[in-house]
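Participant: how would this look folded up:
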Amino acid sequence: MSSSTPYHEYVNNTILDLIPKTALKIVDIGCMNGILGREFKKIVPDSYWVGIEINSEYAELSRTHLNEVFVDDIESENFQYLEKIRDADCFVFADVLEHLYKPWDVIEKIRSIMKDTAVIVACVPNAQNFSVIGRLLSGEFFYEDTDMMDRTHIRWFTRRTFLDLFEKTGFKIDQCFRRKYDVPVDPMYIKSLKTAALSYNQTHVEDIDFTTHQWVIRAIPKK
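Facilitator: Numbers count the residues shown, from 1 in each chain. Prediction:
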């Protein structure tokens, strides 16, 4: 996995809402400081949270809120905790997949050990967002400390490629939501992007593909 995202206290409420309230054991991969588990435990106090975190300092912070925390790299061939998490009801990848070198392999790894009744909840930034395209078109494609151009991002996803990641690794998309930040955008700009997309490929695109900042999904194993 790449270097860690800068520390923050932000809770993704869309992710929180998609975690089934019937889930008793949740594995939070890339748990950072554990505050997602802290907030979920306010709703389901008996839930058991397992954190997997590559950054030892973040892992130490998360132990305040989670039941169990392992310091390890989920991408490592020597990852040693699969047996300890195979009974989980939900696996969370909150702003994690874009930091992995081979997210497809990681999702396949989880699919190979998870229960058929378990789910995955995940989110990624949308590389098709108008602001990212604008940076690219202008040549001002500089990395930043946080948000869309976070310098620790390794992989980029659009709605189509994000869904494809799960559909090709043995999952069915149960729910898909978009998170849109309150940033003004000229409708004519979006129209021009759609025209450009159509000229490149006849595939249909929608306004939301350009105005969404983050895609959030819940995926279930294909039976």
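Participant: I figured Ala197 hits Val205, correct?
Facilitator: Yes. Counting by CB atoms under 8 Å, Ala197 does reach Val205; the two are 4.8 Å apart. (C-beta placed from N, C-alpha, C; glycine too.)
Participant: so for this structure, the centremost residue is which one?
Facilitator: Against the mean C-alpha coordinate of the chain, by CA atoms, centre = their mean, the closest residue is Cys123 at 2.8 Å.
Participant: show me what contacts that one?
Facilitator: Asn12, Thr14, Ile15, Phe93, Ala94, Asp95, Arg179, Gln214, Trp215, Val216, Ile217 (CB atoms under 8 Å, 6 or more residues apart in numbering).
Participant: identify the bridge partners of it.
Facilitator: Assessed by DSSP bridges, Cys123 has beta-bridge partners Ala94, Val216.
Participant: low-confidence stretches in this protein?
Facilitator: 1-8 (pLDDT under 70).
Participant: mind listing the strands for it?
Facilitator: Ranges of strands in the chain, per DSSP state E, are 25-29, 48-53, 68-71, 90-94, 119-125, 171-179, 214-221.
Participant: just send those back as a markdown table, with distance to Leu100 too.
Facilitator: Listed next are these as a markdown table, based on distance: least, CB to CB, whole Å:
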| stretch | distance to Leu100 |
| --- | --- |
| strand 25-29 | 10 |
| strand 48-53 | 12 |
| strand 68-71 | 17 |
| strand 90-94 | 9 |
| strand 119-125 | 10 |
| strand 171-179 | 16 |
| strand 214-221 | 16 |
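Participant: mind checking which of those is nearest Arg159?
Facilitator: Between Arg159 and those, the shortest separation by CB to CB is 5.5 Å, and it involves strand 214-221.
Participant: so what does that closest one touch, helix or strand wise?
Facilitator: Applying 3 or more CB pairs under 8 Å, 6 or more residues apart in numbering; DSSP states H and E, one finds that strand 214-221 makes contact with helix 13-18, strand 119-125, helix 159-167, strand 171-179.
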